[in-house]
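Asks: Sequence and predicted structure are below.
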Amino acid sequence: MREASFIERNKEKWLSIENNLSIHVDVNPDELASNYIELTNDLAYAQTFYPESRTKDYLNELAILAHQKIYKDQKASENKLKHFFSYEIPYAVWQMRRPLLFSFLIFLLASIIGFLSAHYDENFVRLILGDAYVDQSIDNIRKGDPAAIYASGNNFGSALAITINNVRVAFLAFTFGVFFSVGTGYILFSNGIMLGAFHYMFYEYGVLQKAMSAIWIHGTIEISVIIIAGGCGLMLGNSFLFPKSYSRMEAFIRAAKLSMKVLASTIPFFILAGTLEGFVTRYYHISMTMCLLIIIITLVMILYYYILRPFQLAKINQWK
């Protein structure tokens, strides 16, 4: 994009932000945070494509003023982390809400296909999950403990291994987006098929409710974050396919910055999911109430942080 077009597109927004920073009355903190996000994004763009320009210097000065206004009388390091998770991540989520929705729909469709395929083809579950895993699960079901497989290994080792594997799947879902979103679609679809077949196996033996009370203790976060990582991958791939008014490289850089922020936000959730699977899921039979409470709490956390919070801030700050 030519620098003149960049300035023309954003000058009204910059003047509005400059006005917010210059007035001496209190401004809504959410609006200030939104201003800072907008400025840092535009500054990063200007530093990349117009490194010697006055535009970059102007945006840098505004960003410094915004930073000082937001962080005065507070420790900068603490505020940066708080600001990142409280405002920058919701802003990035809002900007990529459509890829996230498409990721969810792909995964949901694949799960339904996996469930129905297992229903109409008795060999499908074994084809997808493998004979050894299915035989072990059937044996556990007959013993009255359908989720016994999650009790194998020690707590810490299981939690660590599970977290690493979940991060690996999420990383693949993201990085495969560079293949024009097809790679990400494959990761989402294959995992959705697996989930659908997995559920049908327990449904077929009449223990779906009991098994799910265990599996979704960690699965609520695990599946949600894989879908979010898939949305990041689709964002990355779509920047190649649909660059809009930007060059493909410009669109890719902007998409990469947004999606990597959202992907980084999923790491704490993956650690929590691994911890739950390693330390809590194995004790699911102790209390159904405990299981339901954990599932509800983790679901509310995901829905609030990745749906409700971005929507609230978008409404307050009139994000497009």
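Replies: Arrived safely.

Asks: Show me what the host helix or strand of A4 is packed up against.
Replies: Element membership of A4 [criterion: DSSP states H and E] is helix 3-22. In terms of contacts (3 or more CB pairs under 8 Å, 6 or more residues apart in numbering; DSSP states H and E), helix 3-22 is packed against helix 29-49, helix 54-71. Any C-beta I mention is one placed from the backbone N, CA and C, and that applies to glycine too.

Asks: For the shortest one, buried residues please.
Replies: Buried positions in helix 54-71, judged by neighbour count with 16 or more other CB atoms under 10 Å: 55-56, 59, 62-63, 65-67, 69-71.

Asks: what do you get for stretch 200-218?
Replies: Neighbour counts over stretch 200-218 (16+ other CB under 10 Å) mark 200-203, 207-208, 210-218 as buried.

Asks: Pipe the buried residues of helix 54-71 into TSV and attach pLDDT per row.
Replies: Formatted as TSV, the buried residues of helix 54-71 follow (pLDDT from 0 to 100):
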residue	pLDDT
T55	86
K56	83
L59	86
L62	84
A63	83
L65	81
A66	79
H67	75
K69	72
I70	68
Y71	65
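
Asks: Excluding chain neighbours, what is closest to A255?
Replies: Of all residues not flanking A255 in the chain, S239 sits nearest, at 3.6 Å (CB to CB, 6 or more residues apart in numbering).

Asks: From the structure, what's the count of residues near the one you found?
Replies: Here the number of neighbours of S239 (other CB atoms under 10 Å) works out to 27.

Asks: check contacts around it.
Replies: For S239, the contact set (CB atoms under 8 Å, 6 or more residues apart in numbering) comprises 248, 251-252, 254-256.

Asks: for these, which one is nearest L195?
Replies: Ranked by distance to L195 (CB to CB), these are led by A255 at 27.1 Å.

Asks: related to what we said a few turns ago, ok, and the most crowded of the contacts of S239?
Replies: A255 leads the contacts of S239 on contacts (other CB under 10 Å) with 24 neighbours.

Asks: In this structure that one contacts L241, no?
Replies: No. In this structure A255 lies outside contact range of L241 using CB atoms under 8 Å: 10.7 Å.

Asks: For this protein, give me the ranges with low pLDDT.
Replies: Scanning the chain for pLDDT under 70 picks out the ranges 23-30, 70-79, 152-158.

Asks: mind listing the strands for it?
Replies: Under the criterion DSSP state E, the chain contains no strands.

Asks: Find the centremost residue of it, please.
Replies: I228 (3.1 Å; CA atoms, centre = their mean).

Asks: what's around the closest residue to that one other than its chain neighbours, how many residues?
Replies: Distances taken as CB to CB, 6+ apart place T266 nearest to I228, at 5.6 Å, with adjacent residues excluded. T266 has 23 neighbours, counted by other CB under 10 Å.

Asks: got it, and S5?
Replies: S5 has 10 neighbours, counted by other CB under 10 Å.

Asks: quick one, helices of the stretch 101-250 of the chain?
Replies: 124-129, 131-142, 155-175, 182-204, 208-241, 248-265 (DSSP state H, counting those that start in this stretch).

Asks: Please indicate which of these has the most neighbours on average?
Replies: Stretch with highest mean neighbour count among these: helix 208-241 (a mean of 24; mean count of other CB atoms under 10 Å).

Asks: just the angle between it and helix 248-265, please?
Replies: Orientation of helix 208-241 against helix 248-265 (axes from the mean of the first three to the mean of the last three CA atoms, to 10 degrees) gives an angle of 150 degrees.

Asks: My read is that V93 contacts L100, right?
Replies: Yes. Assessed by CB under 8 Å, V93 is found in contact with L100 at 7.0 Å.

Asks: Overlap of the contact sets of the two?
Replies: The overlap between the contact sets of V93 and L100 (CB under 8 Å, 6+ apart) consists of Y306.

Asks: which one of the two has more residues nearby?
Replies: Using other CB under 10 Å as the criterion, V93 and L100 rank with V93 on top: 25 against 22.
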